[in-house]
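In: A predicted structure for the sequence below; I have some questions about it.
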Amino acid sequence: MLMYIELKSGYSDDGPAWIGYATPSKTGRTIYFNGRALLKLKGQRRASWGGNFVDMETGQSFWVSGVKKNGQDRHWAGTGKILIEAAAVSEYLEATGASALDKSRHEVTHSIVPTDIKKFERIANTSCYDDDLGVGGSAD
């Protein structure tokens, strides 16, 4: 699934951002991307840095969404290039109707790493998560 993912912790709207292929869990409450397991916050809760997902291991806050057809994925107040997974460029261009990447806003990367989903499933099944964070106790 092609997704927009931005680190919010410590950055507000200027955090590192990626467009790439993420793998959702069966329920969609966990997104696996770039070596991370990102857990959806319950309900309409947002982390202190404005994210809607939290990293299972680090507790960092992330904003995760689908890509926007108009290509304006980053928050209007945000700056910085978005790294786009090399394997995802053609699908992104098709989704946005663009003929080429805007090099002032995007940079192609080959550095996206696979995520060991089984590792995170084991962690989730042997750990408890603090309900005050608004995350569940299973990576489903």
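Out: Great, that's in hand. Here the structure is a predicted model, which is why all the values come from computation and not from measurement. Residues are numbered from 1 along each chain as shown.
In: contacts only, for the closest residue to residue 15 other than its chain neighbours.
Out: Distances taken as Cβ to Cβ, 6 or more residues apart in numbering place residue 7 nearest to residue 15, at 3.8 Å, with adjacent residues excluded. Glycine gets a C-beta too; all of them are placed from N, C-alpha and C. With contact taken as Cβ atoms under 8 Å, 6 or more residues apart in numbering, residue 7 is in contact with 15-17, 60-62.
In: low-confidence ranges, the chain, go.
Out: 43-50, 127-140 (pLDDT under 70).
In: longest helix of it?
Out: helix 117-126 (DSSP state H).
In: starting at the chain centroid, how far to that one?
Out: On the basis of Cα atoms, centre = their mean, to the nearest Å, helix 117-126 is displaced by 19 Å from the centre of the chain it belongs to.
In: that helix packs against which elements?
Out: strand 30-33, strand 36-40 (3 or more Cβ pairs under 8 Å, 6 or more residues apart in numbering; DSSP states H and E).
In: may I have it exported as PDB, CA atoms only?
Out: Provided in PDB are the C-alpha atoms of helix 117-126 (Å, rounded to 0.1, in the frame of the first residue of the first chain):
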ATOM      1  CA  ILE A 117       6.800  -8.200  10.800                       C
ATOM      2  CA  LYS A 118       7.200 -11.500  12.800                       C
ATOM      3  CA  LYS A 119       9.600  -9.700  15.200                       C
ATOM      4  CA  PHE A 120       7.000  -7.100  16.000                       C
ATOM      5  CA  GLU A 121       4.200  -9.700  16.400                       C
ATOM      6  CA  ARG A 122       6.400 -11.500  19.000                       C
ATOM      7  CA  ILE A 123       7.100  -8.200  20.800                       C
ATOM      8  CA  ALA A 124       3.400  -7.300  20.800                       C
ATOM      9  CA  ASN A 125       2.400 -10.700  22.100                       C
ATOM     10  CA  THR A 126       4.900 -10.600  25.000                       C
END
